[in-house]
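Student: What follows is a protein structure lacking sequence information:
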């Protein structure tokens, strides 16, 4: 994995972070819900794809079927781990926010 690929992943993470910090205000609540669910689904699919690629690269490296170096395999595994941890922490924050809303009194 090259530095360019890592920089692209970091740029994507920064743009997603900026979108979360300053979401566009929409007049239709249902479209916001659809946008959020689509973004969440896309994020989960991207994490799954990253983990599958890391697993495939690891297996190919163990069998000697690839020219990838050990460093590339380890970076791929760490990338998959970080993306999974990000989704996990996002889920935890969403559950925490849901619990806070449910504790509110009207």
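Tutor: Thanks, I have it. Computed from a predicted model, the values in this text were never measured in an experiment.
Student: Tell me the buried residues in the strand or helix carrying residue 88?
Tutor: Using DSSP states H and E, residue 88 sits in helix 70-103. Residues of helix 70-103 classed as buried by neighbour count (16 or more other C-beta atoms under 10 Å): 72-73, 75-77, 79-80, 83, 87. In this view, the C-beta of every residue, glycine as well, is placed from N, C-alpha and C.
Student: what does stretch 44-62 give?
Tutor: Quick answer for stretch 44-62 (16+ other C-beta under 10 Å): 47, 50-51, 54, 57-58, 61.
Student: Could you dump those residues into TSV and include pLDDT?
Tutor: TSV is the format used below for the buried residues of stretch 44-62 (pLDDT from 0 to 100):
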residue	pLDDT
47	92
50	94
51	94
54	95
57	94
58	94
61	93
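Student: what's the most distant pair in these?
Tutor: Largest separation among these by C-beta to C-beta: 47 and 61, giving 21.1 Å.
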